[in-house]
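Student: Return a 3D structure for these sequence lines:
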Amino acid sequence: MKRLLPIFAITFSLFSCEDVIDLEIENSASYLVVDGEISDRTGEKMVQLYYSNAYFDSNQPEYISGVDIVLFENNIAVDTLVENTPGFYQTSYVGIEGNAYHIAFSVDGEVYESVPETINRVSEIDSIYARFEDDNPFLDPGYYVYFDTFEPSGRGDYYRWRTYYNNEYLDDPFNIFVSDDQLVDGNPIDEFQVNFEPYNAGDTVRVEQMSITQSNYEYWSLISTQTAQVGSLFDAPPAPVIGNMVCTSNSDLLVLGYFSASAIREAEIIIMP
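Tutor: Residues are numbered from 1 along each chain as shown. Coordinates of the predicted model:
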């Protein structure tokens with residue numbers, strides 16, 4: 001993708017000798033992390049539990065095994081998740097639009113819960129299609145995928161989109177797409193562009209359109225700000241992004257991550273020449 005970026009030239013003139021400064025930077029603490037969701041789709045849903053690594057630690061995170069994670073619907077326990085591999089817990093429970101969901105579990109004597117999330121409405125994806133672009137000054141030549149959908153009337157809808165390229169989930173920071181309905185309430189959304197790097201004929205692209213809560217929207221927006229939009233002299237330093245998990249037995253314990261509730265609609269295309 002062709003990007004037009006401002007260039008700042010900064011010249012430093014050094015007239016004195018150089019001193020080598022050895023900075024001792026303390027490693028960040030390790031926190032319990034929760035990553036999971038419930039949806040209105042059939043199939044397995046996953047919750048991951050692990051401890052975050054210290055800042056300079058490049059090893060795999062420590063996954064937490066042997067935990068009983070209970071799923072609640074409208075504050076009533078409806079399922080206990082099953083651990084299929086260390087730190088990965090699953091449920092096949094199907095959520096219902098309009099109902100609220102949260103999880104609860106204990107680790108090392110401390111009790112953790114997520115703030116309940118309601119499954120909100122989401123529109124169908126009306127159509128998905130690919131177009132070869134070769135005369136757009138902002139795009140490299142290749143195939144680009146678009147879809148059409150509709151935003152129902154009534155303010156307060158929030159969305160997240162996930163893209164799968166040849167069955168691989170694109171999870172890098174530049175593929176975090178969230179939005180509210182402030183500018184599109186009650187209107188059709190045409191030619192929503194999925195990719196900004198060219199695809200090829202024969203590639204398979206799947207798009208998931210998800211309803212999310214305002215809290216989840218703010219969570220992903222902050223993650224995007226602290227990952228994809230960093231790198232200049234003027235960026236704020238990254239800080240832990242707090243989700244909807246809390247330690248109910250000890251309010252001083254910080255826990256990271258999010259357990260979300262979504263309605264999901266999807267569409268898939270195989271790009272044809």
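
Student: In this structure, where is pLDDT below threshold?
Tutor: For the chain, the stretches flagged by pLDDT under 70 are 1-28, 54-58, 228-239.

Student: Can you give me the domain boundaries for it?
Tutor: Domain ranges of the chain: 32-120+219-261, 125-213, per automatic domain parsing.

Student: so how far is the first residue of the shortest one from its last?
Tutor: Chord length of domain 125-213, first to last residue, is 19 Å (Cα to Cα, to the nearest Å).

Student: Isn't Ile271 up against Asn195?
Tutor: No: between Ile271 and Asn195 there is no contact under Cβ atoms under 8 Å: 10.4 Å. Quick note: C-beta positions are derived from backbone N, CA and C, even for glycine.

Student: list residues touching both of those two?
Tutor: Shared contacts of Ile271 and Asn195 (Cβ atoms under 8 Å, 6 or more residues apart in numbering): 145, 205.

Student: re the thing from before, quick one: which of the domains of the chain is nearest Ala267?
Tutor: Taking Cβ to Cβ, domain 125-213 is the member of the domains of the chain nearest to Ala267, at 4.0 Å.

Student: picking that back up, arrange the domains of the chain in JSON lines, one row each, with distance to Ala267 and mean neighbour count as further columns.
Tutor: As requested, the domains of the chain are exported to JSON lines (distance: least, Cβ to Cβ, whole Å; neighbours: other Cβ atoms under 10 Å):
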{"stretch": "domain 32-120+219-261", "distance to Ala267": "14", "mean neighbour count": "16"}
{"stretch": "domain 125-213", "distance to Ala267": "4", "mean neighbour count": "15"}
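
Student: Quick check, Val178 in contact with Tyr159.
Tutor: Yes: contact criterion Cβ under 8 Å: Val178 and Tyr159 qualify, at 6.6 Å.

Student: Show residues contacting stretch 197-209.
Tutor: 1, 122-123, 125, 128, 130, 133, 139-145, 147, 149, 159, 161-167, 194-195, 264-273.

Student: in the sheet, who's paired with Tyr169?
Tutor: Using DSSP bridges, the bridge partners assigned to Tyr169 are Tyr164.

Student: Arg121 versus Arg265, what's the distance?
Tutor: 10 Å (Cβ to Cβ, to the nearest Å).

Student: Revised request: answer the last question for Tyr63.
Tutor: Tyr63 is 35 Å from Arg121, by Cβ to Cβ.

Student: Then Phe177?
Tutor: As judged by Cβ to Cβ, Phe177 and Arg121 stand 19 Å apart.

Student: cool, Ile264 as well?
Tutor: According to Cβ to Cβ, Ile264 stands 12 Å off from Arg121.
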